[in-house]
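Novice: test case, fold it:
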Amino acid sequence: QVQLVESGGGLVQAGGSLRLSCAASGRSFTSYLMGWFRQAPGKEREFVASIRWSGKTTYYADSVKGRFTISGDNAKNTVYLQMNSLQPKDAAVYYCAASVKSPKAYDYWGQGTQVTVSS
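Specialist: The predicted structure follows:
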């Protein structure tokens, strides 16, 4: 069984920064990529950023480009999300996910960590 555990969420003022972490535990696995998603109240879950381990290629939603940075360690199945210049619209529950069976879908998800941004 694989578990993904997020940490680092909290309350921050607009313009501030937070760094989210996601660590895997349980049986070992090799992932194609890991990513971050978020879900605000009343909205659907949306893609934020991902990192493909092959070539360490990163992808970002347009809404966070230039402000968020994803990084990680493939060997440890650990991924981070550095979030700068946070805005109230970034407030959401942030989820970590891992793609194992196919690079086209995420197989494992964390429970989420809350990010609140005050204006």
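
Novice: going forward, measure contacts between C-alpha atoms and count neighbours the same way
Specialist: Fine.

Novice: after the helix or strand in which residue 69 is found comes which helix or strand?
Specialist: Using DSSP states H and E, the element containing residue 69 is strand 68-73. As assigned by DSSP H and E, the chain's next helix or strand after strand 68-73 is strand 78-83.

Novice: paired strands for the helix or strand immediately after that following strand in the chain, with orientation please.
Specialist: For strand 78-83, the following helix or strand on the C-terminal side (DSSP H and E) is strand 92-99. Strand 92-99 has its sheet partners listed here by DSSP bridges as strand 33-39 (antiparallel), strand 108-109 (antiparallel), strand 113-118 (antiparallel).

Novice: and the second one, what's its mean pLDDT?
Specialist: Meaning strand 108-109. The pLDDT scores in strand 108-109 average 96.

Novice: ok, and what's touching that strand?
Specialist: Residues outside strand 108-109 that contact it (Cα atoms under 8 Å, 6 or more residues apart in numbering) are 2, 3, 4, 95, 96, 97, 98, 99, 100.

Novice: by neighbours, which of those residues wins?
Specialist: residue 96 (32 neighbours; other Cα atoms under 10 Å).

Novice: my guess is it contacts residue 37. True?
Specialist: Yes - in this structure residue 96 lies within contact range of residue 37 using Cα atoms under 8 Å: 6.4 Å.

Novice: could you list the low-pLDDT ranges of this structure?
Specialist: Of all residues in the chain, none has pLDDT under 70.

Novice: switch to 90 and redo it
Specialist: 1-2, 25-31, 54-55, 74-77, 102-103 (pLDDT under 90).

Novice: center of it, which residue is that?
Specialist: residue 36 (2.4 Å; Cα atoms, centre = their mean).
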